[in-house]
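any chance you can model this:
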Amino acid sequence: MPYRKPRNPSASSPPKSGERPLKTLERVLSKAGLGSRTEARKWIGAQRVKVNGTVIGTPDHWVDLERDTVTLDDKPVRASKRIYLLLYKPKGYITTYKDPKGRPTVYDLIQDAGQWVVPVGRLDQDSSGLLLLTNDTRFAEIVTNPEFKIPKTYLVKTSTRLADGQIEQLQKGVILSDGPTQPAIVKRVRDSAKYSFIEITIREGRNRQVRRMIEAIGSKALKLVRTSIGGVTIGDLPIGRYRELTEAEVRQLTPIPKRAARTSKLH
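Alright, predicted model coming up:
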């Protein structure tokens, strides 16, 4: 029987197509290592995904892996080798693929990477420093999931000179609008006449968390640089440049506690 496209691309069960492999569109994107299924659904909803040249707007559209051509932003989607990049993100760059305001994005800095990757976690426009990018969704889940407690270290220049009591507040944890923070490791690096320079390590990943923690003790972060994730550091990498993680660094960033391995829903 000749192959025909399914009449109902949103059907809950796959159409019959002999022995050829079929997957839903969102799974094709996630299994190719481009991002999570949640991210895939967003891309599909934003009309960035085509099948055989036609924009498809439903994540449940069935795809014949042997005959159909799937593209994201007009780039062919194919299963690729796992890649792990460490970028020294400059201030002023955002982490989305395209920006309607025309601001520079981190993708401008990795155009020659040769693989489609997505940022692991956040690093806001006003911050600089270490940003990981990968096409390995399992790796990204482990690094960003608070359950795995991957430490992230930042150097911060504050708008005021911090008293010892303010440092202690950060160390014990402060109250934010979305609840109390966990205790942080905080070291005073140096002070100038007006400012303090501190190193702070947290094991959470809330939006703009370090900046909000500094504001909670009555100051502001004038400069924020992420220097380390899970013990992997920027080192002497020039700002705006990237490199691949070593195999040892990938293993270092993905320890899986037994309890977390049983309970975490990794794809």
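
where does pLDDT dip in the stretch 151-267 of the chain?
Where the stretch 151-267 of the chain drops to pLDDT under 70, the residues are 256-267.

one more time with 90
205-207, 254-267 (pLDDT under 90).

give me the buried positions along stretch 173-184.
173-174, 181, 184 (16 or more other CB atoms under 10 Å). Heads up, the C-betas are built off the backbone N, CA and C, glycines and all.

equivalent analysis for stretch 206-213, please.
Residues 206, 209-213 are the ones in stretch 206-213 that count as buried (16+ other CB under 10 Å).

can you show me the helices along the stretch 151-267 of the chain?
Ranges of helices in the stretch 151-267 of the chain, per DSSP state H, counting those that start in this stretch, are 164-172, 209-216, 247-253, 258-263.

what does the longest strand along the chain rub up against?
If you go by DSSP state E, the chain has its longest strand at strand 221-229. Strand 221-229 is contacted from outside by 123, 126-132, 143, 150-159, 195, 199, 201, 210-211, 214-215, 233-234, 253, using CB atoms under 8 Å, 6 or more residues apart in numbering.

let's see it at 6 Å
Contact with strand 221-229 is made by 127-130, 152-157, 159, 211, 214, 234, as judged by CB atoms under 6 Å, 6 or more residues apart in numbering.

out of those residues, flag the one nearest to residue 108.
residue 128 (14.8 Å; CB to CB).

please list all residues in contact with the closest one.
Applying CB under 6 Å, 6+ apart, the residues near residue 128 are 89-91, 225.

try it again at 8 Å.
88-91, 224-226, 239.

just give me the neighbour total for the residue nearest to it when sequence neighbours are not counted.
Distance criterion CB to CB, 6 or more residues apart in numbering; nearest residue to residue 128, sequence neighbours excluded, is residue 91 at 4.5 Å. Counted with other CB atoms under 10 Å, the neighbours of residue 91 add up to 15.

heads up, I number from 597, so please use that
Done: numbering now begins at 597, and the last item shifts to residue 687.

wait, residue 687 sits on residue 723?
Yes - with contact defined as CB atoms under 8 Å, residue 687 counts as touching residue 723 (6.7 Å).

the helix or strand encompassing residue 736 to strand 817-825, inter-axis angle?
Using DSSP states H and E, the element containing residue 736 is helix 733-740. Interaxial angle, helix 733-740 versus strand 817-825 (axes from the mean of the first three to the mean of the last three CA atoms, to 10 degrees): 130 degrees.

model confidence over helix 733-740, on average?
Here helix 733-740 scores 87 as its mean pLDDT.

who are the packing partners of that helix?
The helices and strands touching helix 733-740, judged by 3 or more CB pairs under 8 Å, 6 or more residues apart in numbering; DSSP states H and E, are strand 724-730, helix 843-849.

and the last one, what does it pack against?
Contacts of helix 843-849 with other secondary structure elements, assessed using 3+ CB pairs under 8 Å, 6+ apart, are made with strand 680-685, helix 733-740, strand 828-829.

thank you, goodbye.
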